[in-house]
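S.K.: Generate a structure from the sequence data that follows.
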Amino acid sequence: LEPCSGRDGSDDAQSLSCAEFGARLVGGRIIVAGRSGPVAGRERVIVIEELLVATLRDSLDVTALVEARIMPDPLLQQTTVPAITYTRISTPRSHTYELRSGFALPVFQISCWADGSTEMQAKKAFTLGEAVRKALDGTTLSGNGCVVQAVFLEDCRDLFEPDPRPLYRQILDFQFQLVT
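M.R.: Numbering: from 1, shown residues only. Now for the predicted structure:
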């Protein structure tokens, strides 16, 4: 696949959809070309973030609500909502009695933001949360030397943040299961 740039002309992977990132859907799995060889450590987390963003940008339900507003935490004050932010909140590792098992279970927190000035506007956070759940829950991702065997929704909660501007936020925690 040819190198590509984002919708805004940048080479930032966060501005790419699956197709633009060089990914394709094969048998229900997202396959990404580009890097060769195994991926380790922080680079693996970056690849997972790229796959996460590409998957969300490839969902018509998600992009219909946020367009390209999917970014790492925090949500900047001037960001138009609805929008999505994400961050890795933990990476527990599985161990046996004698050594580590080679399994990692990173958890990413995805926040779906919407205007909180009216109840109708606030419902967009919940609609966006449902679109994110449909795009990620139960999927398998792979690419660039990284295989995420499964993505599962672990938890979901709603918050109202009144200051400095009223915002509703639905927070979804997804566990990514992979072999390290």
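S.K.: Go through the lengthiest strand in the chain and flag the buried ones.
M.R.: The residue-count maximum for a strand in the chain (DSSP state E) belongs to strand 146-161. Within strand 146-161, the residues that count as buried by 16 or more other C-beta atoms under 10 Å are Cys146, Val148, Val151, Leu153, Cys156. To be clear about C-beta, it is placed using only N, CA and C from the backbone, and glycine gets the same treatment.
S.K.: go on, stretch 111-118?
M.R.: Ser111, Cys112, Trp113, Ala114, Asp115, Gly116.
S.K.: what is the mean pLDDT for it?
M.R.: For stretch 111-118, mean pLDDT is 92.
S.K.: Over to the closest residue to Asp61 other than its chain neighbours. Which of the three states is it?
M.R.: Take Asp61 and drop its neighbours on the chain: the residue closest to it by C-beta to C-beta, 6 or more residues apart in numbering is Ala131, 3.8 Å away. Following DSSP: H, G, I helix; E, B strand; the rest coil, the label given to Ala131 is helix.
S.K.: give the contact list for Ala131.
M.R.: Ser59, Asp61, Val62, Ala64, Leu65 (C-beta atoms under 8 Å, 6 or more residues apart in numbering).
S.K.: could the residues you listed be laid out in JSON lines, adding neighbour count, distance to Leu136 and pLDDT?
M.R.: Compiled in JSON lines, the contacts of Ala131 are given as follows (neighbours: other C-beta atoms under 10 Å; distance: C-beta to C-beta, whole Å; pLDDT from 0 to 100):
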{"residue": "Ser59", "neighbour count": "18", "distance to Leu136": "9", "pLDDT": "96"}
{"residue": "Asp61", "neighbour count": "14", "distance to Leu136": "12", "pLDDT": "97"}
{"residue": "Val62", "neighbour count": "22", "distance to Leu136": "10", "pLDDT": "97"}
{"residue": "Ala64", "neighbour count": "11", "distance to Leu136": "16", "pLDDT": "97"}
{"residue": "Leu65", "neighbour count": "21", "distance to Leu136": "15", "pLDDT": "96"}
